[in-house]
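Novice: Have a look; sequence and predicted model below, questions after that.
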Amino acid sequence: MIQLKNDSISAQDTIVLASASPRRSELMGLAGITCAVVPADICEDVLPGEQPAEHVERLSREKAQAVAGKVPGRFFVGSDTVVVLDNRIMGKPKDEAEAFEMLTSLSGRAHEVITGIAVHDVTTDTCISQSVTTEVLFKNLSDREIHTYIATGCPMDKAGAYAIQGGAVHFIRSIRGSYTNVIGLPMTEIYELLQSMGALPDGGENVDR
Ligand SMILES: Cc1cn([C@H]2C[C@H](O)[C@@H](COP(=O)(O)OP(=O)(O)OP(=O)(O)O)O2)c(=O)[nH]c1=O
């Protein structure tokens, strides 16, 4: 569980996070970004021939736009996370058997976690999106470890059937890239995107040290 700090940054105009993910709203709170939270209900199927980065960017835009204009607010944030192994896109497992199959295939191997982020500004009717990739290396997992983890119920609402911030923390040998990207929202990139669109105050000149 991520502890929220109470040092929120005031947004210039209201930000709405179009998400049902408790992790995403916790990360926004951790970064001090005040936002309303409204889930977006969209179809998350992969289109024929769609590449993983294209897929998560499209879904993040669709999530932002599904909520935009329906509730008060100016900047609507959407996001989508998938796990990619050998060009196979893994979303959330549909049942325990699929969770077992996903975790078995991730065992002992490196994979990518790709998150799409989009911000839709209803005032200017512009939507900017991007994707961020993190490489994750799993240790070898025994069948028993996988069954024990699945029995916790934790894998079922997570892409690739695991949570780096939860019971799978000891499965991870190394990561390269953004940690918050794996949990569902790359915070450096979302913060910069919101700043570039005028949704958050500019931080001033960056200093090379
Ligand atoms: C790989 C990984 C994924 N996840 C989560 C992030 C996302 O919540 C989820 C992927 O599903 P998503 O469809 O991206 O998100 P969601 O359905 O939970 O929420 P919403 O669409 O309403 O925003 O997997 C973790 O929490 N930890 C991890 O280590």
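Specialist: Cool, the structure landed. Numbers count the residues shown, from 1 in each chain.
Novice: Output the below-cut-off pLDDT ranges for this protein.
Specialist: Where the chain drops to pLDDT under 70, the residues are 1-13, 206, 209.
Novice: can you tell me which residue is nearest the centre of this protein?
Specialist: Taking CA atoms, centre = their mean, the centroid of the chain lies closest to residue 184, which sits 2.0 Å from it.
Novice: how much space between it and the ligand?
Specialist: Between residue 184 and the ligand the distance, using CB to the nearest ligand atom, to the nearest Å, works out to 3 Å. C-beta coordinates here come from the backbone N, C-alpha and C atoms, glycine included.
Novice: For the protein, which residues are neighbours of the ligand?
Specialist: 19-21, 23-24, 39, 44, 63, 79-81, 83, 92, 113, 157-160, 162-165, 182-184 (CB under 6 Å from any ligand atom).
Novice: Just the buried subset of those, written out for ChimeraX, thanks.
Specialist: Provided next is the ChimeraX selection string for whichever of those are buried by 16 or more other CB atoms under 10 Å:
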select :19,21,23,24,63,79,80,81,83,92,113,158,159,160,162,163,164,165,182,183,184
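Novice: Which of the residues of the chain next to the ligand fall within helices?
Specialist: The helices, defined by DSSP state H, take in 23-24, 63, 182-183 from these.
Novice: Would you check how far apart residue 67 and residue 19 are?
Specialist: Counting by CB to CB, to the nearest Å, the gap from residue 67 to residue 19 is 9 Å.
Novice: Need the overlap of contacts for these two.
Specialist: Contact with both residue 67 and residue 19 is made by residues 39-40, 78, according to CB atoms under 8 Å, 6 or more residues apart in numbering.
Novice: could I get the ones in helices among the residues of the chain next to the ligand as JSON lines with distance to residue 203?
Specialist: Shown next, in JSON lines, are these (distance: CB to CB, whole Å):
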{"residue": "23", "distance to residue 203": "24"}
{"residue": "24", "distance to residue 203": "22"}
{"residue": "63", "distance to residue 203": "27"}
{"residue": "182", "distance to residue 203": "25"}
{"residue": "183", "distance to residue 203": "23"}
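Novice: That concludes my questions; thank you for your assistance.
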